[in-house]
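# Here is my input; please provide its structure:
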Amino acid sequence: MRAQVERVLVGYTCQQLFDLAADIESYPSFLPFCRAARILQTHALENGGTKLIVDNVFGWQGIRTRFRTETTLSPLTKIEVISKEHPFERLEIFWRFKEVAPDTCAVTFEIYQTFRSGVISGIVGLFASGLETRVIDAFAAEAARRYGPSRQA
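Residues are numbered from 1 along each chain as shown. This is a model prediction of the structure:
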């Protein structure tokens, strides 16, 4: 499954939105289905970025799954999240940030996911429709809470 959503957020800088998306350990407080996110390791990269190993717990109703991700932060431009741990055969998430005007940032969120089990894929399919839009909506709401309301109508 591949999904992508792009949104231009007026009233927020790319720095603010990058910082919000990079604040992984706060995800359980606002991101749908995220029950826990804990950074286990942090490595500085030669290009000025950072690589994180993150322990994640996601759940819906009585179903929970734990998996690790490798997250690469490239300041102000992109965030990449990769996992091949159960339940995923492949999970790739890409955040991209592009300044389009002062205090205006275009945010692109892409997710590619396939599951090792057809049963899990079927269960996820029941509630994953529109997940990428719900994720970006959750981040926009959290940006408004942290930084004040967007000027976007």
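# residue ranges for the helices of this protein, please.
14-22, 118-128, 131-147 (DSSP state H).
# which helices and strands does the last one pack with?
By that I understand helix 131-147. strand 2-10, helix 14-22, strand 104-115 (3 or more C-beta pairs under 8 Å, 6 or more residues apart in numbering; DSSP states H and E). Any C-beta I mention is one placed from the backbone N, CA and C, and that applies to glycine too.
# Roughly how far does the closest residue in space to A144 that isn't next to it in sequence sit from T114?
The shortest distance from A144 to any non-neighbouring residue, by C-beta to C-beta, 6 or more residues apart in numbering, is to S150 (6.1 Å). Separation of S150 from T114 (C-beta to C-beta, to the nearest Å): 34 Å.
# between the two, which one's more packed in?
S150 (18 against 12; other C-beta atoms under 10 Å).
# For that one, grab phi and psi.
The phi and psi torsions at S150 (degrees, to the nearest 10) take the values phi -70, psi 150.
# So it sits against E142, correct?
No. Between S150 and E142 there is no contact under C-beta atoms under 8 Å: 11.5 Å.
# got the CA coordinates for the lengthiest strand in the chain in CSV?
Counting residues, the longest strand in the chain under DSSP state E turns out to be strand 88-101. Output of strand 88-101 as CSV, limited to C-alpha atoms (Å, rounded to 0.1, in the frame of the first residue of the first chain):
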residue,chain,number,x,y,z
PHE,A,88,5.9,-5.2,8.4
GLU,A,89,7.5,-6.7,5.3
ARG,A,90,8.2,-3.1,4.4
LEU,A,91,7.4,0.2,6.1
GLU,A,92,8.8,3.4,4.7
ILE,A,93,7.6,6.9,5.8
PHE,A,94,8.9,10.1,4.2
TRP,A,95,8.3,13.6,5.5
ARG,A,96,9.5,16.4,3.2
PHE,A,97,9.4,20.1,4.1
LYS,A,98,9.7,23.0,1.6
GLU,A,99,9.4,26.7,2.4
VAL,A,100,7.0,28.3,-0.1
ALA,A,101,6.9,31.7,1.5
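# Tell me, how many residues neighbour R145?
Other residues near R145 come to 12 when the count uses other C-beta under 10 Å.
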